[in-house]
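Participant: the following block contains a protein sequence and its predicted model.
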Amino acid sequence: QVQLVESGGGLVQPGGSLRLSCAASTSAARISSMAWYRQAPGNQRELVAAITDTGRTTYADSVKGRFTISGDNANKAVYLQMNGLKPEDTAVYYCNAVAFNSRRNRYTSDNWGQGTQVTVSS
């Protein structure tokens, strides 16, 4: 499995911005896509945005036009720029990667960061 390290969460007022960062612990990781998920208390974990190694992006309808995902293939990193934050964006945000697992000899999606708290409140 690939270790993912996240940073950038915090407390922000409604309408504010935050930038989340996530990087794989090794530059040797073979990653085909990376994504951000979030989970609010009492809710299931949901996809926020994803990006492939070719730059193709996907967004949840709830964040389109406000959030931007970007990737750095060389450094095995992914970023989430969050603008126009709303209280309903409050959640723990998790980084995920689809990476090659040498033990299983295939790409797997069970690579998660530890999560970073984002709280939007006045």
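Facilitator: In hand now; what should we look at?
Participant: any idea how far the residue nearest to the spatial centre of the chain lies from residue 120?
Facilitator: Centrality entry for the chain: nearest residue to the mean C-alpha point is residue 36, 2.3 Å, by CA atoms, centre = their mean. Relative to residue 120, residue 36 is positioned 15 Å away (CB to CB, to the nearest Å). The C-beta positions use only the backbone N, C-alpha and C, and glycine is treated the same way.
Participant: look up the closest residue to residue 66, ignoring the ones flanking it.
Facilitator: Spatially, and ignoring its direct neighbours in sequence, residue 66 is nearest to residue 84 (4.4 Å; CB to CB, 6 or more residues apart in numbering).
Participant: that neighbour against residue 15, yeah?
Facilitator: Yes. Residue 84 lies in contact with residue 15 (CB atoms under 8 Å); the separation is 6.2 Å.
Participant: burial measure for the nearest residue to residue 3 once chain neighbours are set aside, as a count.
Facilitator: Closest residue to residue 3 apart from its sequence neighbours, by CB to CB, 6+ apart: residue 25 at 3.7 Å. Using other CB atoms under 10 Å, residue 25 has 11 neighbouring residues.
Participant: OK, contacts around residue 25?
Facilitator: Applying CB atoms under 8 Å, 6 or more residues apart in numbering, we find residue 25 in contact with 2-5.
Participant: what's the answer for residue 91, then?
Facilitator: Counting by CB under 8 Å, 6+ apart, residue 91 has contacts 38-40, 43, 118.
Participant: try it again with 7 Å
Facilitator: Applying CB atoms under 7 Å, 6 or more residues apart in numbering to residue 91 gives the contacts 38-40, 118.
Participant: next, count neighbours for residue 62.
Facilitator: Per other CB under 10 Å, the neighbour tally for residue 62 reads 13.
Participant: ok, it to residue 43 distance?
Facilitator: Computed as CB to CB, the residue 62 to residue 43 distance reads 12 Å.
Participant: now do the strands in this protein.
Facilitator: 4-7, 10-12, 18-24, 31-39, 46-52, 57-59, 67-72, 77-82, 91-101, 106-112, 116-120 (DSSP state E).
Participant: so what does the second one touch, helix or strand wise?
Facilitator: This means strand 10-12. For strand 10-12, there is no helix or strand it packs on, judged by 3 or more CB pairs under 7 Å, 6 or more residues apart in numbering; DSSP states H and E.
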